[in-house]
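Q: with the input below, show me the fold.
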Amino acid sequence: MAVNKPKLRTTQVTVRLDPKILEGLSDIGNRLGIAPTTLAGIAIGEYVVKGQAAFNNGVLMQEAMGKELAKLIAAPFASAIEAKAAEELKELLKDD
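A: Numbers count the residues shown, from 1 in each chain. Just a heads-up that it's a prediction; the model follows:
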């Protein structure tokens with residue numbers, strides 16, 4: 001019989017902060033009425049979301065640029081290959 005384990009809502013990590021950063025985090029947390037640890041979690045979460053979005057946008061941009069570049073060079077490249085193939089075929093069919 002399988003036992004369903006409850007999913008954790010959060011996971012604990014240890015982060016070392018410069019005392020001035022911790023002081024600022026505590027100050028902001030106090031002004032907002034939330035614990036500095038909660039504020040740190042929110043800040044890290046926002047950083048991760050923004051970082052992932054930036055990475056994903058970069059990948060999408062690379063893919064779009066690759067597709068556009070392929071459109072630009074496809075015809076000239078195909079023509080060059082056809083010309084080279086025609087030259088090689090003529091060379092093969094030449095009488096010695």
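Q: just checking, which helix or strand of the chain averages the lowest pLDDT?
A: helix 36-93 (a mean of 86; mean pLDDT, DSSP states H and E).
Q: so which elements touch that helix?
A: helix 19-32 (3 or more Cβ pairs under 8 Å, 6 or more residues apart in numbering; DSSP states H and E). Backbone N, C-alpha and C define where each C-beta goes, glycine included.
Q: residue 29 is in contact with residue 38, correct?
A: Yes - with contact defined as Cβ atoms under 8 Å, residue 38 reaches residue 29; the gap is 7.1 Å.
Q: who has more neighbours, those two?
A: The neighbour count for residue 38 versus residue 29, taken as other Cβ atoms under 10 Å, is higher for residue 29 (17 against 12).
Q: name all residues that make contact with the more buried one.
A: Shown in contact with residue 29 (Cβ atoms under 8 Å, 6 or more residues apart in numbering): 35, 36, 38, 39.
Q: are any of these buried, and which?
A: Neighbour counting over those (16 or more other Cβ atoms under 10 Å) leaves 36, 39 as the buried ones.
Q: closest one of the contacts of residue 29 to residue 5?
A: residue 38 (25.0 Å; Cβ to Cβ).
Q: can you report phi and psi for residue 6?
A: Taking degrees, to the nearest 10, you get phi -70, psi 140 for the backbone angles of residue 6.
Q: how about the one 3 residues further on?
A: When quoted as degrees, to the nearest 10, the phi and psi of residue 9 stand at phi -80, psi -30.
Q: count the neighbours of it for me.
A: Neighbours around residue 9, by other Cβ under 10 Å: 5.
Q: list the contacts for it?
A: By Cβ under 8 Å, 6+ apart, residue 9 has no neighbours at all.
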